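Participant: my questions concern the predicted model and sequence given below.
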Amino acid sequence: MKIVVLKLLGYSIIVIIDQSFLKKLVFVYFFLVGGFQLLNLYLVYKFASKIVKIPEVFPDFWINWLKEFEVIVLSEESIKEFKKICYIELVIYLIMMVIFILIFN
């Protein structure tokens, strides 16, 4: 059992968390963030190859998100910068996951 104290909006919240639950929660978070970065890289690849058309039936927030990729692929420099940022974030999360595994095992 771990006791975690969260300070939110000036209030201290004490949460008792089982260590195995905390491990699962952190792994799910790391995989979701890593998956999102891989999805971003895939979408940049697809938009750069000019294969993708954005359907109008998607919700507005998806359309706006995908239109950002259309803007990114307009110049080669922005594609390289975006890929570099995604790769750096993936490596950071991978290193954090390895450190987390080493600490809690």
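Facilitator: Perfect, thanks for sending it. Since this is a predicted model, take the numbers as computed values, not measurements.

Participant: what about M97, neighbour count?
Facilitator: 17 (other C-beta atoms under 10 Å). The C-beta positions use only the backbone N, C-alpha and C, and glycine is treated the same way.

Participant: quick one: it is in a helix?
Facilitator: Yes: under DSSP: H, G, I helix; E, B strand; the rest coil, M97 sits within a helix.

Participant: please name the residues that touch it.
Facilitator: Listed by C-beta atoms under 8 Å, 6 or more residues apart in numbering, the contact partners of M97 are 26-27, 30.

Participant: 7 Å instead?
Facilitator: For M97, the contact set (C-beta atoms under 7 Å, 6 or more residues apart in numbering) comprises F30.

Participant: please report the distance of F69 from L41.
Facilitator: 11 Å (C-beta to C-beta, to the nearest Å).

Participant: what about the two, which has more around it?
Facilitator: F69 (19 against 15).

Participant: in the strand or helix carrying I101, what's buried?
Facilitator: Per DSSP states H and E: I101 is located in helix 76-104. Buried residues in helix 76-104, counted by 16 or more other C-beta atoms under 10 Å: 79, 82-83, 86, 90, 93, 97.

Participant: try stretch 63-71
Facilitator: 66, 69.

Participant: pLDDT on it, on average?
Facilitator: The pLDDT scores in stretch 63-71 average 89.

Participant: and the contacts of it?
Facilitator: Under C-beta under 7 Å, 6+ apart, the answer for stretch 63-71 is 43-44, 47, 54.
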